[in-house]
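Visitor: Structure for the following, please:
(chains A and B)
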Amino acid sequence: QQPVQSPQAVILREGEDAVINCSSSKALYSVHWYRQKHGEAPVFLMILLKGGEQKGHEKISASFNEKKQQSSLYLTASQLSYSGTYFCGTGGGSNTGKLIFGQGTTLQVKP
Amino acid sequence: DSGVTQTPKHLITATGQRVTLRCSPRSGDLSVYWYQQSLDQGLQFLIQYYNGEERAKGNILERFSAQQFPDLHSELNLSSLELGDSALYFCASSVDSPYNTGELFFGEGSRLTVL
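Guide: Numbering: from 1, shown residues only, chains lettered A, B, ... in the order given. This next block holds a predicted model:
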């Protein structure tokens, strides 16, 4: 089942902060975050694993609430290079291999 | 450069035809994923292979099939093509463990246009 992202789109000025949310109706074992710039392939940002382990980007942080089946991506002091579409992907339990992405959140950072 | 190679980069064909998209994963990655992205749409999961075996299936049409070969490259076969199959098809590879999906490294995609 596809996770739901909010908001669908965000417009920021450079230096402003943004939060992108991802929620699932199913139990989450891991949450992935990727950014895709127009015309390019998605690029990995972060993985959050059940149990709190987190691996990823040095300037972007995220949280993972297992009980609420939600994750949030925090973009602080945004830069022009942060513009793009952000996708969260949720993985099932062990040995399922399926990584389902949300519909995406488009972020535009203006000077 | 993610290390994942997809060919061809662009493909234009007619309705009713059949095409094969090819993907070479990063060296050492055992998992290959296929995703479909229609114009300005999200990433629709099609299928995943792990070390030669199908591991997970998504919304893949019966007209589509895939396989992963002993050298770990994968092919996605699309047949009886329809206009709606026009999309960007991404392959991604990952170092997965049996318990977790690792980070995905995406290829540049194969853009399919069906006329």
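Visitor: Next SSE downstream of the helix or strand of chain A with the lowest mean pLDDT?
Guide: Least confident helix or strand, chain A: strand A:54-56 with a mean of 62, by mean pLDDT, DSSP states H and E. Where DSSP states H and E defines the elements, the next helix or strand beyond strand A:54-56 is strand A:60-65.
Visitor: Name the residues that touch that next one?
Guide: A:28, A:31, A:33, A:45-46, A:48-50, A:52, A:54, A:56, A:70-76 (Cβ atoms under 8 Å, 6 or more residues apart in numbering or on different chains). Placement of C-beta: from N, CA and C, glycine included.
Visitor: Extract the C-alpha set from it and format it as CSV.
Guide: The C-alpha trace of strand A:60-65 is given here as CSV (Å, rounded to 0.1, in the frame of the first residue of the first chain):
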residue,chain,number,x,y,z
ILE,A,60,19.1,16.7,6.2
SER,A,61,17.5,14.9,9.2
ALA,A,62,14.5,12.7,9.6
SER,A,63,12.4,11.1,12.3
PHE,A,64,10.6,7.8,12.3
ASN,A,65,7.7,7.1,14.6
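Visitor: Just checking: what are the partner strands of it?
Guide: Strand A:60-65 has its sheet partners listed here by DSSP bridges as strand A:70-75 (antiparallel).
Visitor: Would you pull up how far the partner strand lies from the middle of the chain?
Guide: Put simply, strand A:70-75 sits 6 Å off its chain's centre (Cα atoms, centre = their mean, to the nearest Å).
Visitor: between the very next helix or strand once past it and strand A:70-75, how big is the angle?
Guide: Counting by DSSP H and E, the next helix or strand C-terminal to strand A:70-75 is strand A:84-91. On the basis of axes from the mean of the first three to the mean of the last three Cα atoms, to 10 degrees, strand A:84-91 is oriented at 150 degrees to strand A:70-75.
Visitor: Mind giving me the packing neighbours of strand A:84-91?
Guide: strand A:4-6, strand A:18-23, strand A:30-36, strand A:70-75, strand A:99-101, strand A:105-110 (3 or more Cβ pairs under 8 Å, 6 or more residues apart in numbering or on different chains; DSSP states H and E).
Visitor: between that strand and strand A:105-110, how many degrees?
Guide: Here strand A:84-91 runs at an angle of 150 degrees relative to strand A:105-110 (the same axes, to 10 degrees).
Visitor: tell me which parts of chain B are close to chain A?
Guide: Counting by Cβ under 8 Å from any Cβ of the partner chain, chain B comes close to chain A at B:2, B:31, B:33, B:35, B:42-43, B:45, B:48, B:50, B:55-56, B:58, B:90, B:92, B:96, B:98-109.
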